[in-house]
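Enquirer: got a predicted structure here, sequence first:
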Amino acid sequence: MNTACQSGSIEILSNRRLRPQHRLSVTDPSATLSGQSAEWLSTIRRRLQALSQLEEGWDGQKAKPVSHSNIDIALQVLLGVMQTGTPVPTLVPTVRGGLQIEWHLQDVDIELEIESPAPYVLSFEDRVAHREFERELTSDLHLFAEAVTRISARR
Amino acid sequence: MKEITLEVNAPLPEFKEPPVVEVALSVQFEPLSRLSTHDLALYWSDVLERKFVWKEGPVLSPTFEFFGINPPPTSVEIVFQLEVPPPHRTLFFSADDTDLVQIQRDRFVRNWRKANQKPYPRYASIRTKFREQFEAFCRFVAEHELGACVPNQCEVTYVNHIPWGLDGQPREALSEVLTAWSARAANTFLGPPEQVEAAAHYVIKMADDRVGRLHVAAQHARRPDDLQSLMALTLTARGRPASDRIDDVMNFLDLGHEYVVRGFASLTTPAMHERWGRTA
């Protein structure tokens, strides 16, 4: 029995010995049109993979490698905010082992700096709406989601 | 900062014979990139005093609870090869197979499992052992200059096995076990389900802040020893501690335990409570 999605795949001794009632066939999402991965995901996957390969001193000085947890957080966050019409963001490593998710568009700049543990720093500037702010975020990322929705709706 | 005592409106539900068969307390931290197999061998020898059986397993993916964004789709699975040699998870089993310590570069987990009809030792006892062992691990990490344990998520998992009829014989309706499951249908066309899998997710709050989630999963299963048909009800409370200090880790685990226990009592029926000897 697999409780991975609920418990983060912690080894559960009791469940290891259980015999699940035969799992009845449910269609694999990848076999359906609606279950196909978005195109941006393959691009992001390649970029995150590249970032994960950076070694210490990648900037020619003392920059740290991008940490595993920051890459996982970035992916989870992007899966949570990307919409149809959202431009693919740029991913930039930081010297402290984190990374930034960035959009620099004609009227809007968005940057989310991810360096676990939180806070994560969100910078937002909308030159049309004359709105600009910088906030520290922890678990609640709704401000970031709203910012991404703004640029997705404009396209 | 001292550990806080959670303010509760009512005492926690208690059962003389709860159906819990396993408890796991876990803390996830910033990766200890220098932690090697050699170090874990030293840990096994010096800290665990070679009393545990060593095994290895696949690494667990980091998991974070966020709010204000969509939950990730379950069909997306991405694996990165991040470091060489590839990270793995080391499992230390007690001789009687009832205790387990799991360690990987970003996770420390301690499990207790019911065996030989021994009673559930209660959360306070499991908590004490978890704290002692996690602190010992962090001291080991510091003494061997492997970095520092900086927690970013923690979780409490309770697995309950609820006997649910015998194979080939009629079972109680699931609605007689779980309050959240309605037996109502628009008509009788389908009849009762052959099997049931159910999941639900709830927000954990501290004051007005959303700090984590309680994940609940119910699945029909069978125990291989006696072919007992049962409902495996798993409750996992996961979230972010208020800081990376051990006291705040324990505070979150206490809050998570409270959600698990109150959630369990809320999701199961009074008839089941009576069977388990509810006293509070």
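Expert: Alright, I've got the coordinates.

Enquirer: pretty sure B:Glu30 sits against A:Pro117.
Expert: Yes - with contact defined as C-beta atoms under 8 Å, B:Glu30 counts as touching A:Pro117 (6.6 Å). All C-beta spots, glycine's among them, are computed from the backbone N, C-alpha and C.

Enquirer: next, show the common contact partners of these two.
Expert: Here B:Glu30 and A:Pro117 have B:Val150, B:Asn152 as joint contacts, going by C-beta atoms under 8 Å, 6 or more residues apart in numbering or on different chains.

Enquirer: who has more neighbours out of those two?
Expert: B:Glu30 (23 against 19; other C-beta atoms under 10 Å in any protein chain shown).

Enquirer: look up how far chain A lies from that one.
Expert: Separation of B:Glu30 from chain A (C-beta to the nearest C-beta, to the nearest Å) stands at 6 Å.

Enquirer: count the neighbours of the closest residue to that residue other than its chain neighbours for me.
Expert: Spatial nearest neighbour of B:Glu30, chain neighbours left out: B:Val150 (4.3 Å); criterion: C-beta to C-beta, 6 or more residues apart in numbering or on different chains. Residues lying near B:Val150 (other C-beta under 10 Å) number 17.

Enquirer: same thing with B:Ala207?
Expert: When neighbours are defined as other C-beta under 10 Å, B:Ala207 has 5 of them.

Enquirer: swap in A:Ser69?
Expert: Using other C-beta under 10 Å, A:Ser69 has 25 neighbouring residues.

Enquirer: A:Leu78: how many residues sit nearby?
Expert: Counted with other C-beta under 10 Å, residues neighbouring A:Leu78 total 22.

Enquirer: how about B:Ala186?
Expert: Neighbours of B:Ala186 (other C-beta under 10 Å): 6.

Enquirer: can you pull out the helices in the stretch 101-250 of chain B?
Expert: B:123-143, B:246-267 (DSSP state H, counting those that start in this stretch).

Enquirer: wondering if the longest one reaches chain A at all.
Expert: No - under the criterion of C-beta under 8 Å from any C-beta of the partner chain, chain A is not reached by helix B:246-267; the shortest gap measures 11.5 Å.

Enquirer: backbone phi and psi for A:Asn70, please?
Expert: With angles defined as degrees, to the nearest 10, A:Asn70 sits at phi -70, psi -40.

Enquirer: residues contacting it?
Expert: The contact partners of A:Asn70, taken as C-beta under 8 Å, 6+ apart, are A:Gly97, A:Gly98, A:Leu99, A:Ile114, A:Glu115, A:Ser116.

Enquirer: in a strand, the first one, correct?
Expert: I take that to be A:Gly97. No - counting by DSSP: H, G, I helix; E, B strand; the rest coil, A:Gly97 is located in no strand; its state is coil.

Enquirer: pretty sure it is touching A:Ser67, no?
Expert: Yes - counting by C-beta under 8 Å, A:Gly97 does reach A:Ser67; the two are 4.7 Å apart.

Enquirer: against A:Glu125, how distant is the residue nearest to B:Glu30?
Expert: Between B:Val150 and A:Glu125 the computed distance is 31 Å (C-beta to C-beta, to the nearest Å).

Enquirer: equivalent analysis for B:Asp254, please.
Expert: Note on B:Asp254: its distance to A:Glu125, by C-beta to C-beta, is 42 Å.

Enquirer: okay, now residue 63: neighbour count?
Expert: Using chain A here. Around A:Ala63 there are 17 residues (other C-beta under 10 Å).

Enquirer: wrong one, I was asking about chain B
Expert: Neighbours of B:Thr63 (other C-beta under 10 Å): 20.
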